[in-house]
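K.L.:
What would the 3D arrangement of this be:
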Amino acid sequence: MRVSTNIKNVKIFPYLLVLPALALIIIFKMYPIVLNIWVSLRWKDSFSIINYFNIITDNAFWKSLWITLKFNLILTPLQIVISLGMALLVSRKIKGIGFFRTIYYLPVTISITVACIMWNMMLNPQNGIVNSILLKIGINAQPFFTGNTQALASIMALSSWKGCGYWMMFLMAGIKDIDVSLYDAAKMDGASYWKTVFYVIIPALKKTFAFVLIADTTSNLLLFAPMYMITKGGPQDSTNVLMYEAYKSAFIYGDQARSAALMTVLLLIVGVIVAIQFAFLKRGD
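P.N.:
From the prediction side, this is the model:
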């Protein structure tokens, strides 16, 4: 009887260890999602899908959706390519490489709030340091965050500077985990460095790419701080992504139900894109 009791306790013990983390996930992740869906279905003290009907017939929603998708279709691949390049550089065994790893990772340690303030100051069209440099070399001052054709690209630059070092660390860890025998085999076959990258390193990083792609996509779809702190969704709604449109609905227009419906749609988009990416990357394992 004592032995069977001990076995039972051993089986229960792992679940007890994960219980605090599970409780936090339920409280801070699952409960807000369920509450958001419930609020999105409220209409004059009853349940209805009219909030969803209202947003899909609203031009502001479709414009925000297009900006959100365009932003991510450009930014996510760009960040992954830059992060991979940085990871390949800092994975080289050369003297002083630790210094460059620190420099590349340094922007990650800066909060997004501070990063937004810094970039807004540097790219200020009147007295920013970047425009001062451009004028010195004979290039006209640029509007950056204040121009409807450059604001979204400027936020992409800010996000890449802030986030690429983070994704670099995952890719670098994946590179370090590749079996040395694969490099030796490629060397014996006379493969150049770039052939080794394309035919050995990148295929071996498939699972790492899967994680980075999914996590980066989710992060970019939910990006909000630069739009809120710098552009306010402008100019001319050129940076008015779905996250900021949902914020405006809730805290500027006071329409909680519309905001909740927008967030639910955004969560569905995130889920669909992540599922597609995961299925595509998993195919062929």
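K.L.:
Determine the longest helix present in the protein.
P.N.:
helix 59-90 (DSSP state H).
K.L.:
Check which element follows that helix along the chain.
P.N.:
helix 97-105 (DSSP states H and E).
K.L.:
on that earlier part again, ok now the longest helix of the chain, how far from the chain's centre?
P.N.:
Relative to its chain's centre, helix 59-90 lies at 8 Å (CA atoms, centre = their mean, to the nearest Å).
K.L.:
what's it packed up against?
P.N.:
helix 97-105, helix 151-176, helix 206-221, helix 242-251, helix 256-282 (3 or more CB pairs under 8 Å, 6 or more residues apart in numbering; DSSP states H and E). No exception for glycine: its C-beta is placed from N, CA and C like everyone else's.
K.L.:
pLDDT-wise, which helix or strand of the protein ranks last?
P.N.:
Here the helix or strand of the chain ranked lowest by mean pLDDT, DSSP states H and E is helix 2-25, holding a mean of 74.
K.L.:
could you give the angle of whatever helix or strand comes next after that helix to helix 242-251?
P.N.:
Downstream of helix 2-25, the next assigned helix or strand under DSSP H and E is helix 31-40. Helix 31-40 and helix 242-251 are oriented at 60 degrees to each other (axes from the mean of the first three to the mean of the last three CA atoms, to 10 degrees).
K.L.:
got a list of what the closest residue to residue 106 other than its chain neighbours touches?
P.N.:
Excluding the flanking residues, the one nearest residue 106 by CB to CB, 6 or more residues apart in numbering is residue 165, at 7.0 Å. Counting by CB atoms under 8 Å, 6 or more residues apart in numbering, residue 165 makes contact with 83, 86, 104, 105, 106, 107, 108.
K.L.:
Touching, the second one and residue 104? I think so.
P.N.:
Which is residue 86. Yes. Contact criterion CB atoms under 8 Å: residue 86 and residue 104 qualify, at 5.3 Å.
K.L.:
Now for the two: what residues contact both?
P.N.:
Both residue 86 and residue 104 are contacted by 164, 165, 168, under the criterion CB under 8 Å, 6+ apart.
K.L.:
Give me the distance between residue 235 and residue 64.
P.N.:
Plainly put, residue 235 is 15 Å away from residue 64 if you go by CB to CB, to the nearest Å.
K.L.:
Over to residue 127?
P.N.:
32 Å.
K.L.:
Compare these two (neighbour count), which wins?
P.N.:
Between residue 127 and residue 64, residue 64 has the larger neighbour count (other CB atoms under 10 Å), namely 25 against 9.
K.L.:
Could you pull up the residues touching that one?
P.N.:
Going by CB under 8 Å, 6+ apart, residue 64 touches 237, 240, 241, 242, 244, 245.
K.L.:
let's go with 6 Å and repeat that
P.N.:
By CB atoms under 6 Å, 6 or more residues apart in numbering, the residues touching residue 64 are 240, 242, 245.
K.L.:
which SSE is the first one in?
P.N.:
What that stands for is residue 240. Using DSSP H and E, residue 240 sits within no helix or strand.
K.L.:
mind listing what it touches?
P.N.:
Contacts here follow CB under 6 Å, 6+ apart; on that basis residue 240 touches 64, 233.
K.L.:
if we can go back for a sec, from the shared contacts of residue 86 and residue 104, which is closest to residue 204?
P.N.:
The closest of the shared contacts of residue 86 and residue 104 to residue 204 turns out to be residue 168 (CB to CB; 16.7 Å).
K.L.:
Which residue, neighbours along the chain excluded, lies closest to the residue nearest the centre of the chain?
P.N.:
By CA atoms, centre = their mean, the chain has its centre lying nearest to residue 219, at 2.5 Å. Using CB to CB, 6+ apart and skipping the chain neighbours, the partner closest in space to residue 219 is residue 163 (7.0 Å).
K.L.:
Distance of the one you found relative to residue 274?
P.N.:
With distances taken as CB to CB, residue 163 is found 17 Å from residue 274.
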